[in-house]
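**Q** take a look and give me a structure for this.
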Amino acid sequence: MYGDPERTRLIAHTAAFVALITLGGWLSIPFLPVPITLQTLFVLLAGAILKRRGVVPVGLYVLLGALNFPVFHSGLSGVGVLLGPTGGYILGFIPGALIIGLAYERASPAIRVGGIVAANLSIYTVGILWLLYSTGISLPYALVFGMAIFIPGDFLKGIGVYLTAKRLG
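**A** Predicted coordinates:
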């Protein structure tokens, strides 16, 4: 009579995380070739909180952006964004959320921290590969401006995700 509380919780969390990832993209610092945003914080947090189902809000976020809803960084939208230099990072959110979600299905703090690191590395890998392909820049330039400058911020985001998930979980 009352429905499925787990399904209701998933729908509510999905909506909340789509909104948070979008908000994280609107809070961006323009930087070439990829802006600095808070999106990865909320992508990783979705996986940490929702476990493997964290891929649902992240996938929906990518789909909404591809359907021209202004959810990508700085309010951008459309397939053109996914085909541009930042598209690989956005698409990398999906395996990143799955990786951290699977890691957070384990109780071990070491596995969870490893999941945070592996999720970030998967986002970097997809992002850099697409950055190389879409722009034709050199690998050293892509590694510096597509990954290295983001490492300190992503380290802090990882700590935030770990502490927040620990508190909520």
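**Q** start and end of stretch 25-38, how far apart?
**A** The first and last residues of stretch 25-38 sit 6 Å apart, counting by CA to CA, to the nearest Å.
**Q** identify, by residue count, the longest helix of this structure.
**A** Longest helix of the chain, by residue count under DSSP state H: helix 109-135.
**Q** averaged pLDDT, that helix. What do you get?
**A** Averaging pLDDT along helix 109-135 yields 97.
**Q** begin at 9 from here
**A** Okay, residue one is now 9; in that scheme the one you just asked about reads as helix 117-143.
**Q** so what touches the next helix or strand after that helix?
**A** Later in the chain than helix 117-143, the nearest helix or strand by DSSP states H and E is helix 147-154. By CB atoms under 8 Å, 6 or more residues apart in numbering, the list of residues contacting helix 147-154 from outside reads 39, 40, 41, 42, 132, 135, 136, 139, 140, 143. Yep, even glycine has a C-beta here, placed from its N, CA and C like the rest.
**Q** buried stuff in helix 147-154?
**A** For helix 147-154, burial by neighbour count (16 or more other CB atoms under 10 Å) applies to 150, 153, 154.
**Q** of the residues you listed, closest to residue 112?
**A** Checking those against residue 112 with CB to CB, the nearest one is residue 154 at 26.4 Å.
**Q** let's see the PyMOL selection covering just the buried ones among the contacts of helix 147-154.
**A** The following PyMOL line selects those of the contacts of helix 147-154 that are buried, judged by 16+ other CB under 10 Å:
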select buried, resi 42+132+135+136+139+140
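**Q** with distance to residue 27 added, can I get the contacts of helix 147-154 in a markdown table?
**A** Output for those, formatted as a markdown table (distance: CB to CB, whole Å):
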| residue | distance to residue 27 |
| --- | --- |
| 39 | 24 |
| 40 | 28 |
| 41 | 27 |
| 42 | 22 |
| 132 | 25 |
| 135 | 23 |
| 136 | 28 |
| 139 | 27 |
| 140 | 32 |
| 143 | 30 |
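**Q** just how off-centre is the longest helix of the chain within its chain?
**A** Here helix 117-143 is found 10 Å from its chain centre; the criterion is CA atoms, centre = their mean, to the nearest Å.
**Q** just the angle between it and helix 147-154, please?
**A** 120 degrees (axes from the mean of the first three to the mean of the last three CA atoms, to 10 degrees).
**Q** from the contact counts, what lies against helix 117-143?
**A** Judged by 3 or more CB pairs under 8 Å, 6 or more residues apart in numbering; DSSP states H and E, helix 117-143 is in contact with helix 47-58, helix 95-111, helix 147-154, helix 159-176.
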